[in-house]
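Visitor: Okay, predicted coordinates and the sequence, questions at the end:
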Amino acid sequence: MMGNDSSQLSGLEIEEKAIEITDFWCQYQATIKDSCRYFSLKGDGSVSVFKGEAAVGPLWSISTPLEKFSNNLLKYRHPCIVRYISAWQQRSTLHLATEFVQPLSHVLPSLTPLQICIGLNNILRALVFIHDQAGMSHNNVSVSAIYVTGDGQWKLGGLHYLCPFTELTAAYLRHARIHRYDKAVDPNEDSYEITTKVDQYAFAVLVEDVFKDCKDDEVPHLREFKKYCRDYLQHQNPSERPKLSEILLHNFFNHEFISIYKFLNFLPLNSEEEKTQFFSNILDNLKCYDEETVAKQLGGLLLSRLTMLDQTARRDVIPFILKPKNDRTPNGDVPGFFSLGVFKEHIKPRLMQLFGVRDSQIRMLLLRHFSKFVHVFSHEELSQHILPELLLGIKDVDDSLVSATLICLSELVPILGAGTVIGGKRSKFFSDGRPNSKTKPLLPTGNTPVSETSVFLPSKSFRDLPCSGEMYESNDRSELISFDKSLTLNERPSPVGGEAIDDEIIATELHTNRGDSEDDWSDWENNRHITTKSASPILDVDSTHEKLVKTIDDKSTSTSITNMKVVSESRSTLLQKAAIEAKKNILDISELDIKNQKYDSKKNADEFDFFADMTPVIEKPTIVNIAQNSGTQNVSSKLEFIPDDNADENEGWGEGWND
């Protein structure tokens with residue numbers, strides 16, 4: 001008895017409908033949720049489960065057929081034999097879990113002659129192992145004893161009739177004949193003294209069955225191999241039948257396609273010189289074969305760990321295998337080997353499996369070519385399988401691996417969205433700070449690459465772009481002034497006296513630049529916005545422009561400024577003279593208020609003061625906190641970034657970053 005109830009695989013879900021029912025067991029497909037330890041081409045934990053009851057017969061007095069099958073799978077391990085996973089007993093039913101396999105009879109009609117040839121090679125190697133290394137006879141070689149894995153590899157099963165050659169007698173074969181394949185049983189089996197050659201006869205029948213609907217010229221040396229099987233493997237004298245290991249030397253199992261398969265399958269047995277020469281020419285040799293056959297039979301071997309770690313394969317093979325074929329491949333770009341449909345069906349499942357491999361060299365190779373095959377995955381596959389593996393990579397201690405992973409994550413942002421890739425709460429911290437200019441955007445010149453300038457070409461106006469802060473919209477055409485809710489205004493130095501004004505502030509360029517566009521700003525970020533209790537206008541002069549800025553008082557009222565007409569020839573002299581005189585004659589600060597000034601009508605007309613009606617009122621500067629004024633609308637600057645004090649700096653990039 002194998003195991004008990006507690007040995008059942010955790011997370012195992014068995015389908016209710018059986019895919020095959022035989023005399024001894026029923027086969028079901030199943031799924032293991034935690035499948036990290038088990039092989040599954042699809043990456044979903046698919047396995048096969050066999051359920052068998054007790055059987056009646058002289059061969060099953062000690063153990064049931066499924067129990068013998070399970071014991072032999074556990075004992076005899078070979079790459080071409082069905083792989084054992086677990087076995088347990090539930091009440092009177094024995095359960096056997098193996099790698100995911102299907103009966104050969106289910107897939108045989110869809111196989112090409114080359115795939116059948118490779119499959120026979122696998123079965124023959126498994127039989128050679130059982131005969132030569134284990135000293136056992138299979139006694140049940142037939143289509144019903146062969147299974148096919150998810151990647152198309154043939155595996156030998158049906159080991160419930162297995163027995164040592166020393167115990168293989170005519171009586172044993174007579175007891176087992178009731179359930180053996182009738183066509184594979186030699187009619188004269190009971191009369192032979194030699195009983196060790198029953199598998200040779202059955203293998204010849206197997207070759208005839210699997211190639212029944214194929215033409216002899218579809219596989220090299222197929223016609224002569226069929227004749228070889230009839231003349232030698234089914235010879236009436238069992239002593240004339242060759243050993244199974246000798247069959248492997250036939251030309252049928254040594255043509256080019258089989259040779260490539262065997263080289264990849266036994267890669268560690270070859271020297272470095274042989275591997276270098278092999279990988280340099282392999283793609284040219286495979287172009288003459290059907291690409292679907294190549295992908296199904298050799299795809300897993302071309303993307304095996306040993307192949308991906310070989311330097312020549314990484315240079316001459318992997319870049320072509322990892323890129324789907326595109327009819328419009330740009331000049332100089334690496335062309336793909338497999339078409340898109342074949343790539344999705346046979347190569348994509350292998351890639352999903354490789355992303356779960358914890359090998360830095362394999363992961364770096366996948367990341368280096370990630371942009372070539374990322375588009376073949378569905379949205380669900382990227383978000384559920386690929387993205388979690390990439391997020392694991394950014395936590396690695398290898399800086400090169402983290403850097404390459406971040407580049408691949410950027411490839412996923414346009415596909416999945418930044419919210420899915422980065423995670424956490426996101427806010428708009430940046431906005432477009434360009435002025436709302438009506439001028440045409442700067443077009444790239446002949447010496448400037450388009451990629452460098454096209455980034456700055458606005459597709460929308462600044463006002464059309466969304467902004468995370470509140471914006472104050474003015475009713476007139478003056479520029480927008482926005483404040484943060486907690487912003488405190490700084491004092492403005494007094495403009496009277498001219499001590500803080502350089503000689504270059506009022507220059508002759510002021511007159512010449514008067515006709516320039518208002519949108520052509522210069523040093524615009526240094527503009528000073530003033531808020532005082534006074535409702536009087538204040539003159540604000542820049543180095544290249546003269547601007548009249550309206551003052552916002554506590555009652556949010558504004559006074560328009562009268563346009564001035566000055567003579568450009570005497571402007572500088574009169575302004576300096578007026579400032580000096582004003583400083584000397586001021587007795588009280590209130591005299592600067594235009595309401596308190598007296599106009600001297602007796603004053604000489606030649607000495608008319610051009611600035612009498614616009615002398616600014618200078619009061620003691622008062623710091624105004626906008627947040628305290630309930631009548632002022634709360635606004636925020638588009639050009640200032642004030643992070644949220646409550647924001648968590650560890651948010652984003654998924655949960656448990658610091659784990």
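Guide: Nice, thanks for sending it over.

Visitor: Now do the longest helix that the chain contains: everything it contacts.
Guide: The helix that spans the most residues within the chain, counting by DSSP state H, is helix 399-416. Outside of helix 399-416, the residues within contact range by C-beta atoms under 8 Å, 6 or more residues apart in numbering are 360, 363-364, 367-368, 370-371, 374, 379, 382-383, 386-387, 390-391, 393-396, 420-421. To be clear about C-beta, it is placed using only N, CA and C from the backbone, and glycine gets the same treatment.

Visitor: Give me the subset of these lying in strands.
Guide: Using DSSP state E, no member of the contacts of helix 399-416 sits in strands.

Visitor: Name only those of those residues that count as buried.
Guide: With burial judged by 16 or more other C-beta atoms under 10 Å, the buried subset of the contacts of helix 399-416 is 363, 367-368, 370, 382-383, 386-387, 390-391, 393-394, 421.

Visitor: and the longest helix of the chain, C-alpha only, in PDB?
Guide: Output in PDB follows, covering the C-alpha atoms of helix 399-416 (Å, rounded to 0.1, in the frame of the first residue of the first chain):
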ATOM      1  CA  ASP A 399      22.400  46.400  -9.200                       C
ATOM      2  CA  SER A 400      22.600  45.200 -12.800                       C
ATOM      3  CA  LEU A 401      19.600  43.000 -12.400                       C
ATOM      4  CA  VAL A 402      17.600  45.700 -10.700                       C
ATOM      5  CA  SER A 403      18.500  48.200 -13.400                       C
ATOM      6  CA  ALA A 404      17.500  45.900 -16.300                       C
ATOM      7  CA  THR A 405      14.300  45.000 -14.400                       C
ATOM      8  CA  LEU A 406      13.300  48.700 -14.100                       C
ATOM      9  CA  ILE A 407      13.800  49.100 -17.800                       C
ATOM     10  CA  CYS A 408      11.400  46.200 -18.500                       C
ATOM     11  CA  LEU A 409       8.900  47.600 -16.000                       C
ATOM     12  CA  SER A 410       8.800  50.800 -18.100                       C
ATOM     13  CA  GLU A 411       7.800  48.600 -21.100                       C
ATOM     14  CA  LEU A 412       4.800  47.500 -19.100                       C
ATOM     15  CA  VAL A 413       3.600  51.000 -18.100                       C
ATOM     16  CA  PRO A 414       2.000  51.800 -21.500                       C
ATOM     17  CA  ILE A 415       0.400  48.300 -21.600                       C
ATOM     18  CA  LEU A 416      -0.900  47.800 -18.000                       C
END
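
Visitor: about what we covered before: would you turn the buried ones among the contacts of helix 399-416 into JSON lines with pLDDT and distance to residue 355?
Guide: Formatted as JSON lines, the buried ones among the contacts of helix 399-416 follow (pLDDT from 0 to 100; distance: C-beta to C-beta, whole Å):
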{"residue": "363", "pLDDT": "94", "distance to residue 355": "8"}
{"residue": "367", "pLDDT": "95", "distance to residue 355": "10"}
{"residue": "368", "pLDDT": "94", "distance to residue 355": "14"}
{"residue": "370", "pLDDT": "95", "distance to residue 355": "10"}
{"residue": "382", "pLDDT": "93", "distance to residue 355": "11"}
{"residue": "383", "pLDDT": "92", "distance to residue 355": "13"}
{"residue": "386", "pLDDT": "93", "distance to residue 355": "6"}
{"residue": "387", "pLDDT": "93", "distance to residue 355": "10"}
{"residue": "390", "pLDDT": "93", "distance to residue 355": "8"}
{"residue": "391", "pLDDT": "92", "distance to residue 355": "12"}
{"residue": "393", "pLDDT": "92", "distance to residue 355": "9"}
{"residue": "394", "pLDDT": "92", "distance to residue 355": "14"}
{"residue": "421", "pLDDT": "90", "distance to residue 355": "16"}
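
Visitor: Just name the closest of the residues you listed to residue 101, please.
Guide: Nearest to residue 101 among the buried ones among the contacts of helix 399-416, counting by C-beta to C-beta, is residue 386 at 27.0 Å.

Visitor: Now do the contacts for that closest one.
Guide: Contacts of residue 386 by C-beta under 8 Å, 6+ apart are 352, 355, 374, 377, 412.

Visitor: Where does pLDDT dip in the chain?
Guide: Across the chain, the ranges flagged by pLDDT under 70 are 1-8, 34-44, 327-334, 437-572, 575, 579, 581-659.

Visitor: Where does residue 50 fall, secondary structure wise?
Guide: strand 46-52 (DSSP states H and E).

Visitor: So which of the contacts of residue 386 belong to helices?
Guide: 352, 412.

Visitor: Could I have the buried ones of the contacts of residue 386 as PyMOL selection syntax?
Guide: Of the contacts of residue 386, the buried ones go into a single PyMOL selection, burial set by 16+ other C-beta under 10 Å:
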select buried, resi 352+355+377+412
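
Visitor: Which single one of the contacts of residue 386 is nearest to residue 312?
Guide: Closest to residue 312, out of all of these and judged by C-beta to C-beta, is residue 355, at 23.8 Å.

Visitor: Now do the domain split for the protein, please.
Guide: Taking automatic domain parsing as the criterion, the chain consists of the domains 5-102, 104-256, 257-376, 433-464, 509-624.

Visitor: Residue 369 reaches residue 323, doesn't it?
Guide: Yes: contact criterion C-beta atoms under 8 Å: residue 369 and residue 323 qualify, at 6.9 Å.
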